[in-house]
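Chemist: Quick one, structure for this:
(chains A and B)
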Amino acid sequence: MASTHRRHILAPVRSNPTRPGARPAAHCVAAVVCGLIACTSPGCRIPKGFDSPESMARVDAALEATDRGDMDSLPHLIEMLDSDDPFVRLVGIRTLERLTGETKGYRHDDPPADRRRAADAWAEWWLAQPNAQAQAGVAARTRIAGLGTPGYPWADPDA
Amino acid sequence: MSQPAHITVHLHGDPKYLAGVREMVASVARRLGVDELSCSQLALAVDEALCNVIRHGYQGQDERPIWIRIWPEPLESLKSDAPPGIRVVIEDEAAQVDPAAMQGRELDDVRPGGLGVHIIREVMDEAIYEKRSGGVGMSLTLIKRGNVTPTVGAQGPKGNASCGNDPA
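Modeler: Have a look, this model is predicted:
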């Protein structure tokens, strides 16, 4: 059930015209055309962002989302949990943890069935957020202030 | 490392500089011939390391200093058939802790803190924590050896990279 949902998890985000930063369809078409033209020229650069076909570009997008505390990126990050590339999965779950403080039991190197179960939990969580988009911008401070305790807690065996 | 660093950066421990440093380090690694995946892994490790310094070492005091020094790995002076790599040393002035205790926690350990160290160790070929001399600050040496893949514009350490012909 949730696996089916996860495949479409970005649909509401992509079709929501009220989402901050949403672009009119004409702009999107123009961007795609420009991208195609650019990639036929010398020195072609891989398009950046979560929609890039290049997995490393999606990794960069995830790290930048962490910098911004960008909760709009959550569905993209949840999709990264399904990647065939273990490094993409690692960055996806690490970014989710940084933004939300949770992993929901997901480990990037677990067997596929275990990963699927945990990724389903993420998808169900996301789909249960009635105002998930409204959370954007709230979490800019989570990166530094969210989880840390003074000192190096992992260096303390009693921590 | 006795040979002077090829690149040295001194920055404030402010999160707004993380993206720039990440991009710089990955870009340099790419120019040294390190493959794309390894560059991204290095960027993640540097990001985690800097976050640890800022969050735990400096507790968010964003004007405290961080130094980043970079060398090609192996050094040009050492003849080697090893694949191209990069050595990054990150130093701070935070309180010193026992390097042996900097193991990081496992991914399924739900306690806060320490996951960054685990990730750094996982994605890097070597990650060595040391106390800086003088009784203040920690040093983290990161070494990433890439696979040999030709990259656009990569000239290698001895390449004929140019700044162009612009007289300005």
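Chemist: so B:K144, which of the three states?
Modeler: strand (DSSP: H, G, I helix; E, B strand; the rest coil).
Chemist: Quick check: longest helix in chain B by residues?
Modeler: Scanning chain B for the helix with the most residues, using DSSP state H, yields helix B:36-52.
Chemist: For that one, enumerate the helices and strands it packs against.
Modeler: Packing partners of helix B:36-52 (3 or more C-beta pairs under 8 Å, 6 or more residues apart in numbering or on different chains; DSSP states H and E): helix A:55-68, helix A:86-100, helix B:18-31, strand B:85-92, helix B:115-123, strand B:138-145. C-beta here means a position set from N, CA and C on the backbone, and glycine is covered the same way.
Chemist: Using TSV, please lay out those together with mean neighbour count and mean pLDDT.
Modeler: Formatted as TSV, the helices and strands packed on helix B:36-52 follow (neighbours: other C-beta atoms under 10 Å in any protein chain shown; pLDDT from 0 to 100):
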stretch	mean neighbour count	mean pLDDT
helix A:55-68	22	88
helix A:86-100	23	92
helix B:18-31	19	94
strand B:85-92	22	96
helix B:115-123	21	88
strand B:138-145	21	95
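Chemist: a markdown table please, covering the ones you listed and showing distance to A:D114.
Modeler: Formatted as a markdown table, those follow (distance: least, C-beta to C-beta, whole Å):
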| stretch | distance to A:D114 |
| --- | --- |
| helix A:55-68 | 22 |
| helix A:86-100 | 12 |
| helix B:18-31 | 30 |
| strand B:85-92 | 33 |
| helix B:115-123 | 18 |
| strand B:138-145 | 29 |
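Chemist: got the angle for the longest helix of chain B vs helix B:115-123?
Modeler: For helix B:36-52 against helix B:115-123, the angle by axes from the mean of the first three to the mean of the last three C-alpha atoms, to 10 degrees is 160 degrees.
Chemist: could you check whether the next helix or strand after helix B:36-52 is close to chain A?
Modeler: With elements assigned by DSSP states H and E, the helix or strand that comes after helix B:36-52 is strand B:65-73. No: counting by C-beta under 8 Å from any C-beta of the partner chain, chain A is not contacted by strand B:65-73; separation bottoms out at 14.1 Å.
Chemist: Check chain B and tell me which residue is nearest its centre.
Modeler: B:V88 (3.6 Å; C-alpha atoms, centre = their mean).
Chemist: thought it was touching B:L42?
Modeler: Yes: checked against C-beta atoms under 8 Å, the pair B:V88 and B:L42 is within contact range at 7.1 Å.
Chemist: Overlap of the contact sets of those two?
Modeler: Listed contacts common to B:V88 and B:L42 are B:V25, B:L142, B:K144; contacts here mean C-beta atoms under 8 Å, 6 or more residues apart in numbering or on different chains.
Chemist: With B:R121 as the reference, measure out to the second one.
Modeler: Right, the one you point to is B:L142. Per C-beta to C-beta, to the nearest Å, B:L142 is found 10 Å from B:R121.
Chemist: overlap in contacts of the two?
Modeler: B:A127.
Chemist: Which residue is the nearest non-sequential neighbour of B:V53?
Modeler: In space, and not counting its chain neighbours, B:V53 is closest to B:D92: 4.7 Å by C-beta to C-beta, 6 or more residues apart in numbering or on different chains.
Chemist: what about B:G134, how many neighbours?
Modeler: Here the number of neighbours of B:G134 (other C-beta atoms under 10 Å in any protein chain shown) works out to 8.
Chemist: Tell me the spacing between it and B:Q96.
Modeler: In this view, B:G134 and B:Q96 are 10 Å apart by C-beta to C-beta.
Chemist: same question, B:R22
Modeler: 26 Å.
Chemist: and what of A:G101?
Modeler: 28 Å.
Chemist: neighbour-wise, which of the two wins?
Modeler: Taking neighbours as other C-beta under 10 Å, A:G101 and B:Q96 compare with B:Q96 leading, 18 against 12.
Chemist: pLDDT wise, what is that one at?
Modeler: B:Q96 carries a pLDDT value of 93.
Chemist: Does B:G116 touch B:N52 like I think?
Modeler: Yes: with contact defined as C-beta under 8 Å, B:G116 and B:N52 form a contacting pair (5.1 Å).
Chemist: Just name the shakiest helix or strand of chain A by mean pLDDT.
Modeler: helix A:142-145 (a mean of 36; mean pLDDT, DSSP states H and E).
Chemist: Same question for chain B.
Modeler: helix B:115-123 (a mean of 88).
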